[in-house]
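Student: Here's my sequence, what's the structure:
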Amino acid sequence: MSDQRQSLLFVGGLHRSGTTPLARALATHPEISGLSGTGVREDEGQHLQRVYPKAKVYGGSGRFANDPRAHLTEDSPLVSAESAAALRRAWDPYWDLDRRYLLEKSPPNLVMGRFLQALFPGAPVIVVIRHPVVVALSNKKWRKAVSSDPRKFETISGLVQHWLTAHRTFLADAPHLAPLHVLHYEDLVADPAGELGRVEAFLGLSSPIDANTIRVGASQPYERTWDDWRASWWRPGHWQRRLVESRFGDDLASFGYGLDDLSRHDVGVGSTSAVPHPPRLTQA
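Tutor: Below is the predicted model of the structure:
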């Protein structure tokens, strides 16, 4: 490392949760270097290394967190100085090593924060959370676009269930993670400057993060689809919506997410028993 203050910075969150736009915004800052020129999907570090299994080993997007093996902690036998060194060898060629923070973004980081901080003590973790229905609808569209393999088919209900499994795992890990910052995608697009200002303060940056890269309105097509499904009882989507509402409504409310307005995240809505920490969580 060229600077003793240099630190790795990990960004995590389920596929289609907004990790990529956040990571790109952060990488525009002069103190942060993101992986670039890697030739792998979304410049994600998971695809460059051989220390731990990639998400696709456990089913990929919309499935990986259902496999307990995807959840890595400080107790993993993979935690070692050799593993840390191997990851640096895999990632260092794609960073500007003169920057203060070296950013790695991969969705499985959501359930691997404890493992990553065991390898790199003090490395900040930033987690992005997005409305589970939007994540499900976006994943459904994305899966159809990249593959026609019927083995990769997943229902909206199944994708929402995966969201709950992944975030329950993360919330159980959260007390063990420090430093940790959580932001909600809905807050990020509603107030990019404000949310990025909080990230700036969390990381102790010397100047603001450019908020102009954050695109507003990306969730609107999914919000319209969900609204259309409400009344169209003759469409399969109507019954998918009814199933999600009946099966997961209360669980999602405990995370501050309702099923009538997909553009909002409400702090303190519903039972907090399933949420051991406030949704807007920062630990220093």
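Student: From residue 30, how far off is the most far-flung residue of the chain relative to its centre?
Tutor: Distance from the centre of the chain peaks at residue 234, with 34.3 Å (Cα atoms, centre = their mean). From residue 234 across to residue 30, the span is 55 Å (Cβ to Cβ, to the nearest Å). C-betas here are computed from N, CA, C, even on glycine.
Student: swap in residue 122?
Tutor: Distance, residue 122 to residue 30, by Cβ to Cβ: 21 Å.
Student: Same check on residue 182?
Tutor: Counting by Cβ to Cβ, the gap from residue 182 to residue 30 is 25 Å.
Student: and these two? which has more neighbours close in?
Tutor: Using other Cβ atoms under 10 Å as the criterion, residue 182 and residue 30 rank with residue 182 on top: 21 against 11.
Student: Which secondary structure elements does the helix or strand that one falls within sit against?
Tutor: For residue 182, the enclosing helix or strand under DSSP states H and E is strand 180-184. Packing partners of strand 180-184 (3 or more Cβ pairs under 8 Å, 6 or more residues apart in numbering; DSSP states H and E): strand 125-129, helix 192-203, strand 282-283.
Student: weakest of these by average pLDDT?
Tutor: Mean pLDDT is lowest for strand 282-283 out of the helices and strands packed on strand 180-184, coming in at a mean of 44.
Student: quick one, phi/psi of the residue farthest from the centre of the chain?
Tutor: Torsion angles at residue 234 (phi, psi; degrees, to the nearest 10) stand at phi -80, psi -10.
Student: please begin residue numbering at 13 from this point
Tutor: OK, 13 is where the count begins now, so the last one is residue 246.
Student: who touches the closest residue to residue 18 other than its chain neighbours in this structure?
Tutor: Spatial nearest neighbour of residue 18, excluding adjacent residues (Cβ to Cβ, 6 or more residues apart in numbering): residue 112 at 5.8 Å. Neighbouring residues of residue 112 by Cβ atoms under 8 Å, 6 or more residues apart in numbering: 15, 17, 18, 19, 43, 44.
Student: Near the third one, how many other residues are there?
Tutor: Read that as residue 18. Neighbour count of residue 18, defined by other Cβ under 10 Å: 16.
Student: And it, how far from residue 197?
Tutor: To residue 197, residue 18 is 28 Å away according to Cβ to Cβ.
Student: Not counting its neighbours along the chain, what's nearest residue 175?
Tutor: Nearest in space to residue 175, with sequence neighbours left out and distances taken as Cβ to Cβ, 6+ apart, is residue 144 at 3.9 Å.
Student: these two touch, right, the one you found and residue 178?
Tutor: No. Judged on Cβ atoms under 8 Å, residue 144 makes no contact with residue 178 at a distance of 9.6 Å.
Student: those helices in the stretch 63-212 of the chain, which residues are they?
Tutor: Shown for the stretch 63-212 of the chain, the helices assigned by DSSP state H, counting those that start in this stretch span residues 93-103, 125-131, 144-158, 168-185, 197-202, 204-215.
Student: Go through these and name the closest to residue 77.
Tutor: helix 168-185 (3.6 Å; Cβ to Cβ).
Student: Hmm, residue 259 and residue 169 touching each other?
Tutor: Yes. Between residue 169 and residue 259 there is a contact under Cβ under 8 Å: 6.4 Å.
Student: Alright, calling it a day.
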